[in-house]
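Asks: Generate coordinates for the sequence data below:
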Amino acid sequence: MMGTSVESGLSSTAYQPAPVAAGSAMPIASTRRNVREEADPGSWQPVSPDQHRPGSLSIVIPVMNEEGNLHELHRRLTTVLERISLPYQIIFVDDGSRDGTWPLIRSLCEADRHIIALRHRRNFGKAQALANGFAVAQGDVVITMDGDLQDDPDELPRFLAKLDEG
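Replies: The predicted structure follows:
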């Protein structure tokens, strides 16, 4: 099942992937007219009061000209997130890349239902990319990562363990 890909940012237009079969997805976010996100029904479960672990994760990753790192980042991040066994979404925000970053993100999005892809028409900066990612994030916990593999995905379980400690 595919993720959702949207051109976003200030003065943007929407790109929607092929339609999703009826009943296979439900809208989970709409921050402005041209942003529509979809996820599997039941993929975002409420957390009972006695649970300390988050019910879902959103990973927001602003990128610019990171074509060479995205496959490895996606592979490593997906491996760790599947091991954690919580519902998750990976939000890539392309901040005006001029290389093949956007086509690669769209390709990853088509192959992985956990990916949401946003695109700025030009570079607005990391702060705006993060803000746009936060605007569509649906996780109980939102984590930011850099797209250049500076942040090690293998650290996520330890990070979540620290959150559990309070």
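
Asks: Verify the stated contact: G125 with D95.
Replies: Yes. At 6.9 Å, G125 and D95 qualify as touching, with contact defined as C-beta atoms under 8 Å. In this view, the C-beta of every residue, glycine as well, is placed from N, C-alpha and C.

Asks: More neighbours: these two, which one.
Replies: The neighbour comparison of G125 against D95 (other C-beta atoms under 10 Å) goes to D95, with 25 against 13.

Asks: show me what contacts the more buried one?
Replies: Each residue near D95 by C-beta atoms under 8 Å, 6 or more residues apart in numbering is listed here: 62-64, 120, 123-126, 128-129.

Asks: all strands of the protein, in order?
Replies: Assigned by DSSP state E, the strands in the chain fall at 4-7, 26-29, 37-39, 57-63, 88-95, 115-120, 141-144.

Asks: Quick one: low-confidence residue ranges for the protein.
Replies: Scanning the chain with the threshold set as pLDDT under 70 gives 1-54.

Asks: where exactly do the helices run in it?
Replies: Ranges of helices in the chain, per DSSP state H, are 67-84, 101-111, 126-136, 156-165.

Asks: Next, format these as JSON lines and append distance to L149 and mean neighbour count.
Replies: Shown next, in JSON lines, are the helices of the chain (distance: least, C-beta to C-beta, whole Å; neighbours: other C-beta atoms under 10 Å):
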{"stretch": "helix 67-84", "distance to L149": "5", "mean neighbour count": "16"}
{"stretch": "helix 101-111", "distance to L149": "14", "mean neighbour count": "19"}
{"stretch": "helix 126-136", "distance to L149": "16", "mean neighbour count": "19"}
{"stretch": "helix 156-165", "distance to L149": "13", "mean neighbour count": "12"}
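
Asks: just checking, H74 touches D112?
Replies: Yes. Counting by C-beta under 8 Å, D112 is a contact partner of H74 at 7.3 Å.

Asks: residues shared between the contacts of these two?
Replies: Joint contacts of H74 and D112 (C-beta under 8 Å, 6+ apart) are I90.

Asks: Compile the helices of the chain into TSV and extend it with columns for distance to S56.
Replies: Output for those, formatted as TSV (distance: least, C-beta to C-beta, whole Å):
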stretch	distance to S56
helix 67-84	11
helix 101-111	19
helix 126-136	13
helix 156-165	12
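
Asks: quick one: which of those is nearest D148?
Replies: Closest approach to D148 among the helices of the chain is made by helix 67-84 (5.5 Å; C-beta to C-beta).

Asks: same for that closest one, what does it pack against?
Replies: In terms of contacts (3 or more C-beta pairs under 8 Å, 6 or more residues apart in numbering; DSSP states H and E), helix 67-84 is packed against strand 57-63, strand 88-95, helix 101-111, helix 156-165.
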